[in-house]
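**Q** Okay, sequence plus prediction incoming.
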Amino acid sequence: MKQGIHPENYRVVAFKDMSNEQVFLMKSTINTKETIEIDGQSYPLYKLEISSASHPFFTGKMKLIDTAGRVDKFMNRYKKHYDKKK
């Protein structure tokens, strides 16, 4: 393998799914500002809006996950178009 092209800062990082509060520990080089304590050890924390634990494709449950209000913004923007059709 080529020397000097791979990152040197691999460490265990906690990834937290904000829709169902599940936490995954994985090795990563991602930069984080927050930390979380799990089993007495502190890990860097990266927050996810959706993961395989909450995604409808993987869970088989169809539910609407809208943490950023995107559906509401869309409905407000195009509300006048829906009212014309009725």
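**A** In hand now; what should we look at? Numbering: from 1, shown residues only.
**Q** Tell me, please, where in this structure the pLDDT is lower than the cut-off.
**A** For the chain, applying pLDDT under 70 flags the ranges 1, 52-71, 81-86.
**Q** let's go with 80 and repeat that
**A** Counting by pLDDT under 80, the chain shows low-confidence ranges at 1, 18-19, 49-86.
**Q** any idea where the helices of it begin and end?
**A** 56-59, 70-77, 79-85 (DSSP state H).
**Q** buried stuff in the second one?
**A** Residues of helix 70-77 classed as buried: none (neighbour count, 16 or more other CB atoms under 10 Å). Placement of C-beta: from N, CA and C, glycine included.
**Q** counting contacts, what elements does that helix pack onto?
**A** Applying 3 or more CB pairs under 8 Å, 6 or more residues apart in numbering; DSSP states H and E, one finds that helix 70-77 makes contact with no other helix or strand.
**Q** Keeping just the C-alphas, turn that helix into PDB.
**A** The C-alpha coordinates for helix 70-77 follow below in PDB (Å, rounded to 0.1, in the frame of the first residue of the first chain):
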ATOM      1  CA  ARG A  70     -39.400  20.100   5.700                       C
ATOM      2  CA  VAL A  71     -42.900  18.700   5.200                       C
ATOM      3  CA  ASP A  72     -44.400  21.800   6.900                       C
ATOM      4  CA  LYS A  73     -42.300  24.100   4.800                       C
ATOM      5  CA  PHE A  74     -43.400  22.300   1.600                       C
ATOM      6  CA  MET A  75     -47.100  22.300   2.600                       C
ATOM      7  CA  ASN A  76     -47.000  26.100   3.500                       C
ATOM      8  CA  ARG A  77     -45.200  26.900   0.200                       C
END
